[in-house]
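Visitor: model the structure of this input:
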Amino acid sequence: MASATLTASVYPYVKSTYVDTDRVLLRPRPYERFGGYLILLPLLPKRAPLPALPAEVWRKILALAMEDGSGSSKDWILKESPQMETNVKLRNSSSPLWKWDLALICKDLKNVALPLLYADVILKSLHALEKFTHLLHSSDQKWDSIRRIPYSTPGRWAQSLDVSDLEINTRSEFCQADGLLTTLFPLLPFLSRLELSLSMQLSRRAMLSLGLRDGAQNLRCLNGVKYDATTVLSGEDPLTELVACCTGLEELEVVGVGVDDIDMSRSSPEPMDKAPPLLHLSHLHTLTILATPMSPLLLRLIHSPLPALQTVIITPYGDLQSPQSGISEFLAAHGESIRTLVLHTPKTWPIARYPPPRSLLYILPDLNQLSLETSGLALDAPPSSQSRKHPLASIWISRPTSGLREELLRIISSLPNLREVRARDVRWTKRTMSASAREAGFQGEMWAWRRLLAAYKVKMLDADGLEDAEC
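Guide: Purely as a prediction, here's the structure:
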């Protein structure tokens, strides 16, 4: 099928080739004095040029291209790179390095790719934290007032910062890391997620730097905050001030240092004469407070409204009341909104696990999921009525024991909506094992639980969520 027609015309010999931007000329006899040219005429009109894709579309394309197999593109670590102008590069530890090569194709693609590459940062060493802080600080020093945007790059691109893998072992390393974080926090105005390392406790200076910076209300998730309220000598509690400044918090995790039975009465704060100022955390839906029986932050949370709170991960301290422990008082204050409760005690030595409050099901009338520890369980049955039935549908335990089984059977008649009991640390033995092996130890308890719970139409599941071994 012909795509063009040929017409002949003769031109005087001037050059060996003839360039015409509007026409395509063919010269069949280039060595003839008057060989002539053939004009190639297209049969179809010229195709209109495709419109340029906007930057928003390219941003979505690059974001999809940068995702790994798990659908996440957040595992970034700091590396050196001789190709980048800043001599610093963020690279994905599990993905090819071509991601950073996207910034070297052209200027327009670089402007789209760099904000994506700096959006989620994970720093796994003190050296990486130092280089990243110096990069942002030097870029901020070069930022002038001519630009319309008040915040420098790449600091304003960073939306997530993870330093949870940072290991701090000496006093000098702590001082260096704390100073670097104090310098780094004001350079991240749009930071929405921060995960700190449990190997260090932020100083008052670092917490004020994080709370008083521009954009503190943009912080949505604050995890890995290690804090010991007994180290505060004077003034307001810095962690409470930090939380008060971050009014947009949705997730908060605070891990204390625990307290011994002997020191519990001496380390608890004195009761307040008047109610403390309220915290405005209308978006907080997930709260984690571990190994902290009492603290100024916990007192403020008890007296503050938390309308969006649904998930609580907490260390129980039995029925101890204020001033020794404020856990029971906190659960009673916000129990009507809590839907998921996880009881967890961090592993320390010596470890002391306390049971949950006996009135747990009474003070949490809308609890739907409950995760228990290996400690003894002694709960009062919730009040039952024809119009109001407790909605608890799922109970998670560590390992099935006979004592826990008897206690659960005592109150199971008051839980008509209970549908499953799951063992987190036990799996069903394969069917190829002998009958004696399947009835020994925790496996025997699993089968005993399954037979007894079947009468109440409750499933017994293992760690994988299976009701029986697959093979």
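
Visitor: and for the residue lying closest to Thr153 once chain neighbours are set aside, the neighbour number?
Guide: Nearest-residue entry for Thr153: Ser139, 6.4 Å, with adjacent residues in sequence omitted and distances by CB to CB, 6 or more residues apart in numbering. Using the backbone N, CA and C atoms, a C-beta is placed for each residue, glycine as well. One way to gauge burial is a neighbour count; for Ser139, by other CB atoms under 10 Å, it gives 15.

Visitor: what do you get for Asn111?
Guide: Look at Asn111: counted by other CB under 10 Å, it has 12 neighbours.

Visitor: quick one: it is in a helix?
Guide: Yes. Counting by DSSP: H, G, I helix; E, B strand; the rest coil, Asn111 is part of a helix.

Visitor: can you pull the contacts of it?
Guide: Ala55 (CB atoms under 8 Å, 6 or more residues apart in numbering).

Visitor: just the helices in the stretch 151-300 of the chain please.
Guide: Counting by DSSP state H, counting those that start in this stretch, residue ranges of the helices within the stretch 151-300 of the chain are 171-184, 204-211, 238-245, 264-267, 296-303.

Visitor: tell me the mean pLDDT over the third one?
Guide: Mean pLDDT, helix 238-245: 94.

Visitor: now it: how far from the chain's centre is it?
Guide: On the basis of CA atoms, centre = their mean, to the nearest Å, helix 238-245 is displaced by 20 Å from the centre of the chain it belongs to.

Visitor: please apply the same query to the last one.
Guide: For helix 296-303, the distance from its own C-alpha centre to the chain's C-alpha centre is 24 Å (CA atoms, centre = their mean).

Visitor: verify the stated contact: Gln23 with Leu40.
Guide: To be clear, residue 23 is Arg; Gln isn't right here. Yes. At 7.4 Å, Arg23 and Leu40 qualify as touching, with contact defined as CB atoms under 8 Å.

Visitor: residues contacting the residue nearest to Thr153?
Guide: Taking CB under 8 Å, 6+ apart, we find Ser139 in contact with Thr86, Ser152, Thr153, Pro154, Gly155.

Visitor: just the buried ones from these?
Guide: Burial of the contacts of Ser139 was assessed by neighbour count (16 or more other CB atoms under 10 Å); the buried members are Ser152, Thr153, Pro154, Gly155.

Visitor: ok, now how distant is the second one from Ala216?
Guide: Thr153 sits at a distance of 20 Å from Ala216 (criterion: CB to CB, to the nearest Å).

Visitor: part of a strand, is Asp425?
Guide: No. Inclusion of Asp425 in a strand is not indicated when three-state DSSP is applied; the result is coil.

Visitor: what's it sitting at in phi/psi?
Guide: Backbone torsions of Asp425, given as degrees, to the nearest 10, read phi -110, psi 10.

Visitor: just give me the neighbour total for it.
Guide: Count around Asp425 with other CB under 10 Å applied: 12.

Visitor: one more: Glu439?
Guide: Other residues within reach of Glu439, judged by other CB under 10 Å, total 14.

Visitor: wait, it touches Met446, no?
Guide: No. In this structure Glu439 lies outside contact range of Met446 using CB under 8 Å: 9.6 Å.

Visitor: so what sits against both of the two?
Guide: Once CB under 8 Å, 6+ apart is applied, it turns out that Glu439 and Met446 contact no residue in common.

Visitor: re earlier: can you put the buried ones among the contacts of Ser139 in CSV and add distance to Val421 and pLDDT?
Guide: Formatted as CSV, the entries for these read as follows, by distance: CB to CB, whole Å; pLDDT from 0 to 100:
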residue, distance to Val421, pLDDT
Ser152, 54, 85
Thr153, 52, 85
Pro154, 49, 89
Gly155, 49, 89
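
Visitor: out of these, what pair is the most spread apart?
Guide: Using CB to CB, those reach their maximum pairwise distance at Ser152 and Pro154, which is 8.0 Å.

Visitor: what sits in contact with each of those two?
Guide: Common contact partners of Ser152 and Pro154 (CB under 8 Å, 6+ apart): Leu136, Ser139.

Visitor: how close does Leu25 sit to Leu50?
Guide: When Leu25 is compared with Leu50 (using CB to CB), they lie 27 Å apart.

Visitor: quick one, which of those two is more surrounded?
Guide: For Leu25 versus Leu50, the count of surrounding residues by other CB under 10 Å is larger for Leu25: 15 against 6.

Visitor: hey, what's that one bridged with?
Guide: Ile39 (DSSP bridges).

Visitor: that one contacts Tyr37, correct?
Guide: Yes. The pair Leu25 and Tyr37 qualifies as a contact (CB under 8 Å) at a distance of 4.5 Å.

Visitor: quick one: the strands in the stretch 51-200 of the chain?
Guide: With strands called from DSSP state E, counting those that start in this stretch, the stretch 51-200 of the chain shows them at 76-80, 88-92, 120-122, 160-162, 193-195.

Visitor: show me the contacts for Leu341.
Guide: Contacts of Leu341 were listed using CB under 8 Å, 6+ apart, and they are Val312, Ile314, Leu331, Leu360, Leu364, Leu367, Gln369, Leu370, Ser371.

Visitor: repeat for Trp428
Guide: For Trp428, counting by CB under 8 Å, 6+ apart, the contacting residues are Gln443, Met446, Asp462, Leu466, Asp468, Ala469.

Visitor: out of the residues you listed, list just those in helices.
Guide: Gln443, Met446 (DSSP state H).

Visitor: between the contacts of Trp428, which has the most around it?
Guide: Neighbours were tallied for each of the contacts of Trp428 (criterion: other CB under 10 Å), and the maximum of 23 neighbours falls on Met446.

Visitor: what sits closest to that residue if chain neighbours are left out?
Guide: Using CB to CB, 6+ apart and skipping residues adjacent in sequence, the residue nearest Met446 is Pro400, 5.7 Å away.

Visitor: and that neighbour, which of the three is it?
Guide: Following three-state DSSP, the label given to Pro400 is coil.
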